[in-house]
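Colleague: coords please:
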Amino acid sequence: MVVTVDGPAGSGKSSASRLLAQELGFAFLDTGALYRAIALAARRDGMLEAGEAELAAWLKQVPLEAKSQGGRFVVFLDGQDVEPFIRNEAISQLASRLSALAPVREHLLGLQRAAGRAGDLVAEGRDMGTVVFPGAEAKFFLTAGESERAHRRWLELTQSGQQVDMADVLADLRLRDQRDSQRSLSPLRPAEDAVVLDTTPLSLSEVVAALAQKVRERRAGAPR
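Modeller: Presented below is the predicted three-dimensional model:
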């Protein structure tokens, strides 16, 4: 069974998806980590301003893998776990920019769908339910108020030791929202059959409980 969780930055989808996967005993795929890894490699290799043809050729040479380890898919670049290097605003903005390009999305599509073929999966991202797994058995789209999302993102960054200004975080979030929702390729939007959940008034545990209940209903064949 594939469960997709989409939504904008700060909606709580990453934390909720990770805990949902644990609750259900499913594997977890953070597709944003794949895009961030590409951004990391592109910055390293001087490919940030490359044309699409050049970018497509370069992507074929990028040693990127998603390996299932301990109930989640870990992203490796050059054989190294990229997690310590991709959770910052600079990489976040580059990933958002590169994710609008067709060669990048097409290159990562196969990696993402391969994870879905490996067994029960919770896949978190921005086009999981609309493009990557359109036939997923359970689809969710999480959202929250803009100020709440910015505050969550600020907390996440400051708790990781990064010094960031709340106003800058809000400005970056608005830029990402605009870029993700207005791009012509796989724009950020709920799938027609997705359950849309506003997480603004909810605790993380309440969000996970709501998602888990819906998934179990789908597995049991209950009416939507």
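Colleague: just the strands from the protein, written as ranges.
Modeller: Secondary structure of the chain, counting by DSSP state E: strands at 2-6, 27-30, 64-69, 72-77, 80-81, 121-125, 138-143, 195-198.
Colleague: any chance of JSON lines for those strands, columns mean neighbour count?
Modeller: All C-beta atoms are positioned from the backbone trio N, CA, C, and that covers glycine. Shown next, in JSON lines, are the strands of the chain (neighbours: other C-beta atoms under 10 Å):
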{"stretch": "strand 2-6", "mean neighbour count": "28"}
{"stretch": "strand 27-30", "mean neighbour count": "24"}
{"stretch": "strand 64-69", "mean neighbour count": "15"}
{"stretch": "strand 72-77", "mean neighbour count": "20"}
{"stretch": "strand 80-81", "mean neighbour count": "14"}
{"stretch": "strand 121-125", "mean neighbour count": "27"}
{"stretch": "strand 138-143", "mean neighbour count": "25"}
{"stretch": "strand 195-198", "mean neighbour count": "17"}
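Colleague: quick check, pLDDT for Gln182.
Modeller: For Gln182, the model assigns a pLDDT of 85.
Colleague: Met166 against His151, yeah?
Modeller: Yes - with contacts counted by C-beta atoms under 8 Å, Met166 reaches His151, the gap being 7.4 Å.
Colleague: okay, now the unreliable bits of the protein?
Modeller: Applying pLDDT under 70 to the chain picks out residues 222-224.
Colleague: not counting residues beside it along the chain, what's closest to the residue positioned nearest the centre of the chain?
Modeller: In the chain, the centroid-proximal residue (C-alpha atoms, centre = their mean) is Gly125; its distance is 2.7 Å. The shortest distance from Gly125 to any non-neighbouring residue, by C-beta to C-beta, 6 or more residues apart in numbering, is to Thr31 (3.7 Å).
Colleague: correct me, but the residue nearest to the centre of the chain touches Asp6?
Modeller: Yes - contact between Gly125 and Asp6 holds when scored by C-beta under 8 Å: they sit 6.1 Å apart.
Colleague: so what's Leu188 up against?
Modeller: The contact partners of Leu188, by C-beta atoms under 8 Å, 6 or more residues apart in numbering, come to 6-8, 126-127, 177, 180-181.
Colleague: how close does Val195 sit to Phe28?
Modeller: Computed as C-beta to C-beta, to the nearest Å, the Val195 to Phe28 distance reads 19 Å.
Colleague: Ala41 now?
Modeller: 23 Å.
Colleague: do His151 as well
Modeller: Distance from His151 to Phe28, by C-beta to C-beta: 25 Å.
Colleague: likewise for Ala95?
Modeller: 19 Å.
Colleague: and if you look at Val132?
Modeller: 15 Å.
Colleague: same thing with Ser92?
Modeller: Relative to Phe28, Ser92 is positioned 19 Å away (C-beta to C-beta).
Colleague: same check on Leu48?
Modeller: In terms of C-beta to C-beta, Leu48 sits 29 Å off from Phe28.
Colleague: now the helices for the protein?
Modeller: Applying DSSP state H to the chain gives helices spanning 13-24, 31-45, 52-59, 83-86, 89-98, 102-117, 146-159, 166-182, 204-219.
Colleague: kindly reformat those helices as a markdown table containing distance to Pro190.
Modeller: As requested, those are exported to a markdown table (distance: least, C-beta to C-beta, whole Å):
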| stretch | distance to Pro190 |
| --- | --- |
| helix 13-24 | 12 |
| helix 31-45 | 16 |
| helix 52-59 | 28 |
| helix 83-86 | 26 |
| helix 89-98 | 19 |
| helix 102-117 | 18 |
| helix 146-159 | 16 |
| helix 166-182 | 11 |
| helix 204-219 | 14 |
